[in-house]
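> What would the 3D arrangement of this be:
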Amino acid sequence: MNWQHFRSLVWLRRRLFRNRMRRAGKFNAVVTQILMVLAGVASVAMFFTSLVLGVWLLPKATPDYVLYLWTGIVVAFLFFWMLGVMTELQRSEVLSIEKLFHFPISPSSAFFINYLSSLVCLSLILFLPAMFGLAIASVYALGPWMLISLPLLIAFILMVTTITYQFRGWLATLMVNKRRRRTIMACVTGSIILISQAPNLINLTYQGRRLRGTDNNPAREYTADVERLESEMRAKKISPKEFTDRLEALSIAKRKKNEQETQALLSELKRWVSIADLALPPGWLAYGTHRAAEHQIWPGIVGTLLLSVIAGASLRRSYRTTVRFYLGDFRSDQSTTPVPSSPLPRPVAPGGVAGRSTRAVPGALATQPPSVGLVGRKVPGFSEQAAATGLATLRSLLRAPEVKMMLLTPTILGVVMMTTRMAGRANAAPVPAELRAVLGLAIVMTVVVSLSQVFQNQFGFDRSAFRVFVLSPAPRRQILLGKNLAMAPIVAGAGIVFLGILEFMFPLGPTEFLATLVEMFSAFLIVCLVGNQMSILLPSAIRQGSMRSSDTKVVRVLLRFAAMLGLLVAFVPLGLPLGIDYLARHFLLQQFAWVEWVPIYLILALLLAVVTLLVYRTVLDYQGGLLQRRELRILEAVTTKDD
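The predicted model follows:
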C-alpha cells in the first residue's frame with residue numbers, strides 16, 4: 001500500500017462527502033453537522049459512564065456476574081449490528097474500485113478505505129466506547145489479569161466487522177444475477193429476524209412446557225396453606241399465637257425454597273451461557289473476560305489469537321472477492337440457458353392431418369397464439385389503462401427484493417407472535433370478547449401502516465420507467481387508480497393472513513369478522529388517498545435492493561414523518577363504527593332487547609366504506625390533475641443518480 005496513494009484516496013473521499021452535503025442544501029448540511037456532534041458527544045458520554053459505573057460496581061461483582069454482564073453486552077451489540085446489516089444488505093462502496101483500475105493506484109488502498117468507512121455506524125459509535133470504558137474499569141477494579149480484555153475486545157470488533165464486510169461482498173457476487181438476488185435478499189432478512197427471535201421462542205417454549213408439566217405451583221401452595229391456617233383459626237382449632245408461629249414457619253420455608261430454586265436456576269444459566277460462549281466465536285470475548293476474572297488469562301490469549309486469525313482471513317478473502325468481482329469473474333452477461341430441444345414449427349401441408357383437407361395457406365406456420373401473461377390480462381370493472389398500469393406495477397412489486405423484504409418481515413413477526421401465544425397459552429389469560437374486535441381493527445391498521453412506505457412513494461420504485469407514464473396518453477386519474485389497484489392484492493393477502501391468525505387464536509363472531517374485512521377496505525382507500533398525495537408532492541428515487549430513499553434532505557424526511565402522523569389521524573373514523581356499537585350494546589340493550597341481534601358494527605362499517613369510496617372517487621380527479629402538472633418534477637426526482 002502506497003502512503004501517498006492512500007492520502008489521495010482519503011482526500012477524494014472527503015471531497016465526495018463535501019459535494020454531497022453541498023448538493024443537499026445548507027440546512028441539511030447544518031443538521032448533519034449537528035447530528036455528527038451529538039454522536040461524538042454520546043460516544044464520549046458512553047465511555048465515561050461505563051468507566052465510572054464499572055469502577056463503582058465491578059469490585060463487588062463475582063466472576064459469574066462478569067460473565068453475565070459481558071454476554072449481555074455482546075448479545076445487545078450483535079442485535080443492533082444485525083439490524084444495521086439488515087437495512088442495507090448489499091455492498092455499499094464509498095470508492096468504486098472499478099474506476100481506480102484506470103489509474104496507477106493500488107486497489108488495496110481503496111478497499112481499506114471502504115472497509116474503514118463501513119465502521120462508521122451507530123452501533124459502533126455507541127457500543128465501542130462503552131465496551132472500552134468497561135474493560136478499563138475492569139482492569140482497575142479486578143486486577144491486572146483483566147488487561148487481556150483490551151486486545152480481546154479489539155479482536156472481537158475486527159472479527160465482527162470483517163465477517164460482515166465479507167458477507168456483503170459475497171452477497172454482491174451472488175446478486176449479479178438479478179433473479180437470484182431477490183431470493184437471497186428475502187432469505188437473509190428472514191434468517192436475521194428468526195435468529196433474533198430464537199432466544200425468545202426457546203425461553204417461552206421452555207416456560208410453557210415447565211408450566212404444563214408441573215401441577216404444583218409454589219405461590220398457589222403457599223396461598224392454600226395460609227387459607228387453611230386462617231380457616232383453622234376461625235374454627236378455633238388453633239390459637240392466634242400458634243397461627244402466627246405456623247405462618248412465620250411457612251414464610252421461612254417459602255423463602256428457603258425460593259433461594260434454592262434461584263441458585264439452581266443460576267447454576268443452570270451459568271452452565272448454558274458458558275457452553276454458548278465457548279462454542280460461538282462472538283462469545284469468546286465474554287468467556288475470556290470471565291476466566292480472566294478468575295485469574296486465568298490463557299483463554300483470553302487463545303481467544304484473541306483465534307479472533308485475529310478469523311478477522312485476517314475474512315478481510316483477505318473479502319479483498320480477493322472484491323477484486324475478482326470488479327475484474328468480471330462473476331459476470332452474468334452470457335446466458336447459460338440450454339437451447340430448447342423442441343423442433344421449430346413446421347409448415348402445414350395442404351392435405352392437412354390424416355388426409356383431411358384444410359384451407360391453410362401452404363408454408364404457413366402452425367404456431368399457437370402467445371400467452372398474454374399477467375400484464376396483458378383485463379380486470380373487470382376497471383378501464384384498460386388502469387388495468388395495464390395496475391398489473392404492470394404489481395408484477396414489478398412482486399419481483400422487487402425490497403418489497404419482498406417488507407412483506408416478509410411482518411409475516412415472520414406474525415408467526416413469531418402466534419408461536420409465542422401458543423407456547424404460553426397454558427398460563428395466559430383469555431382475551432374478552434369485547435376486545436377481540438378491537439384487536440382485529442388494530443391488525444388491519446398495522447398491516448396498512450406497515451405498507452404505507454410503498455403507498456407514499458409509488459413512483460420512486462419506477463425510477464427511469466416513469467417516462468412511460470409521462471409519454472402515455474392515458475388520463476392521469478387512471479394511472480393513479482392503477483397504482484392503487486396494484487397494492488390491493490398485497491394488502492388483502494397480508495390482512496387475510498393476519499386476520500386468519502387472529503381467528504385461530506381468538507375467534508371473532510361472523511358479523512365482527514365481516515365488519516373487520518370491510519374496515520380493511522376503508523383503511524385501504526384512506527391510505528391510497530394519503531399515499532397518492534405524498535407520491536405527487538414528495539417523490540424520491542428508491543435505491544436498488546433496499547427501501548432507502550436517495551433523497552437525504554432533512555426537511556423531506558420530516559414531512560414524510562408528518563404524513564405518517566396524518567395518516568394515523570385519518571384512521572380515526574375507522575373506530576367510530578366499533579365505538580358506536582359498544583355504546584349501543586351497553587346503554588340501549590336494557591331498554592331494547594332487539595339491539596343484541598342487530599349487527600350494528602357491520603352496518604356502520606358498510607356505511608363508512610361507501611362514504612370513503614365516494615370521497616376517494618372525488619379526490620382522485622383532483623389528484624390526477626395535480627399529477628399532470630407535476631409529472632416533470634416527479635420524473636426529475638425519481639431519475640436522480642447518486643455518486
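> Which helix or strand lies directly C-terminal to the lowest-mean-pLDDT helix or strand in the chain?
Within the chain, no helix or strand scores below helix 178-213, which has a mean of 58 by mean pLDDT, DSSP states H and E. Using DSSP states H and E, the helix or strand that follows helix 178-213 towards the C-terminus is helix 218-234.
> I'd like the next helix or strand past the helix or strand hosting residue 34.
Take DSSP H and E as the rule and residue 34 turns out to sit in helix 26-57. Of the helices and strands lying after helix 26-57 in sequence (DSSP H and E), the nearest is helix 63-87.
> Only the buried residues of that next one, if you could.
Of the residues in helix 63-87, 63-64, 66-71, 73-74, 77-78, 81-82, 85-86 count as buried by neighbour count, 16 or more other C-beta atoms under 10 Å. Any C-beta I mention is one placed from the backbone N, CA and C, and that applies to glycine too.
> Average pLDDT for stretch 166-173, rounded please.
Stretch 166-173 shows a mean pLDDT of 70.
> Next: stretch 473-488.
Here the average pLDDT along stretch 473-488 is 90.
> outside of that stretch, which residues touch it?
With contacts defined as C-beta atoms under 8 Å, 6 or more residues apart in numbering, stretch 473-488 is touched by 379, 382-383, 385-394, 397, 451, 454-455, 458, 469, 472, 524, 528, 531-532, 535, 620-621, 623-625, 627-628, 631.
> any idea which helix or strand carries the nearest residue to residue 378 once chain neighbours are set aside?
Leaving aside its chain neighbours, residue 378 sits nearest to residue 387 (5.6 Å; criterion: C-beta to C-beta, 6 or more residues apart in numbering). Assessed by DSSP H and E, residue 387 sits inside helix 384-399.
> which secondary structure elements does that helix contact?
On a contact count with 3 or more C-beta pairs under 8 Å, 6 or more residues apart in numbering; DSSP states H and E, helix 384-399 meets helix 476-505.
> starting at the chain centroid, how far to the helix it packs on?
20 Å (C-alpha atoms, centre = their mean, to the nearest Å).
> quick revisit: for the record, mean pLDDT for the helix holding residue 34?
pLDDT averaged over helix 26-57 gives 84.
> Identify the residues contacting the helix holding residue 387?
The list of residues contacting helix 384-399 from outside it, by C-beta under 8 Å, 6+ apart, reads 182, 374-379, 382, 403-404, 454, 458, 461-462, 469, 472, 474-475, 478-479, 481-487, 489-490.
> Can I get it in PDB, CA atoms only?
Backbone C-alpha positions of helix 384-399 (Å, rounded to 0.1, in the frame of the first residue of the first chain) are rendered in PDB as follows:
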ATOM      1  CA  GLU A 384     -57.800  -0.800 -19.900                       C
ATOM      2  CA  GLN A 385     -55.400   1.900 -18.800                       C
ATOM      3  CA  ALA A 386     -55.900   1.400 -15.100                       C
ATOM      4  CA  ALA A 387     -55.700  -2.400 -15.500                       C
ATOM      5  CA  ALA A 388     -52.500  -2.300 -17.500                       C
ATOM      6  CA  THR A 389     -50.900   0.100 -15.000                       C
ATOM      7  CA  GLY A 390     -52.000  -1.900 -12.100                       C
ATOM      8  CA  LEU A 391     -50.900  -5.300 -13.400                       C
ATOM      9  CA  ALA A 392     -47.600  -4.000 -14.600                       C
ATOM     10  CA  THR A 393     -46.900  -2.300 -11.200                       C
ATOM     11  CA  LEU A 394     -48.000  -5.500  -9.400                       C
ATOM     12  CA  ARG A 395     -45.600  -7.600 -11.500                       C
ATOM     13  CA  SER A 396     -42.800  -5.100 -10.700                       C
ATOM     14  CA  LEU A 397     -43.500  -5.100  -7.000                       C
ATOM     15  CA  LEU A 398     -43.600  -8.900  -6.700                       C
ATOM     16  CA  ARG A 399     -40.200  -9.100  -8.400                       C
END
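> If you count neighbours, what's buried in it?
Neighbour-count burial for helix 384-399 [16+ other C-beta under 10 Å]: 385-394, 397.
> and which of the residues you listed is nearest to residue 581?
Nearest to residue 581 among the buried residues of helix 384-399, counting by C-beta to C-beta, is residue 390 at 34.2 Å.
> what's the closest non-adjacent residue to that closest one?
Closest to residue 390 by C-beta to C-beta, 6+ apart is residue 485, at 3.4 Å.
> One more: residue 288?
Spatially, and ignoring its direct neighbours in sequence, residue 288 is nearest to residue 300 (3.4 Å; C-beta to C-beta, 6+ apart).
> Against residue 148, how distant is the one you found?
4 Å (C-beta to C-beta, to the nearest Å).
> Mutual contacts of those two, please.
In terms of C-beta under 8 Å, 6+ apart, residue 300 and residue 148 are both contacted by the residues 288-289, 292.
> Can you classify residue 458 by secondary structure?
coil (DSSP: H, G, I helix; E, B strand; the rest coil).
> ok now do the closest residue to it other than its chain neighbours, which residues does it touch?
Using C-beta to C-beta, 6+ apart and skipping the chain neighbours, the partner closest in space to residue 458 is residue 535 (4.4 Å). Counting by C-beta under 8 Å, 6+ apart, residue 535 makes contact with 455-460, 483.
> Any chance of JSON lines for these, columns neighbour count?
Converted to JSON lines, these look like this (neighbours: other C-beta atoms under 10 Å):
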{"residue": "455", "neighbour count": "23"}
{"residue": "456", "neighbour count": "22"}
{"residue": "457", "neighbour count": "24"}
{"residue": "458", "neighbour count": "23"}
{"residue": "459", "neighbour count": "23"}
{"residue": "460", "neighbour count": "24"}
{"residue": "483", "neighbour count": "26"}
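> about what we covered before: grab the two from the buried residues of helix 63-87 that are most spread out in space.
Among these, 63 and 86 lie farthest apart (C-beta to C-beta), at 34.5 Å.
> Give the rounded mean pLDDT of stretch 399-417.
The pLDDT scores in stretch 399-417 average 63.
> what's the burial count for residue 230?
Close neighbours of residue 230, defined as other C-beta atoms under 10 Å, add up to 12.
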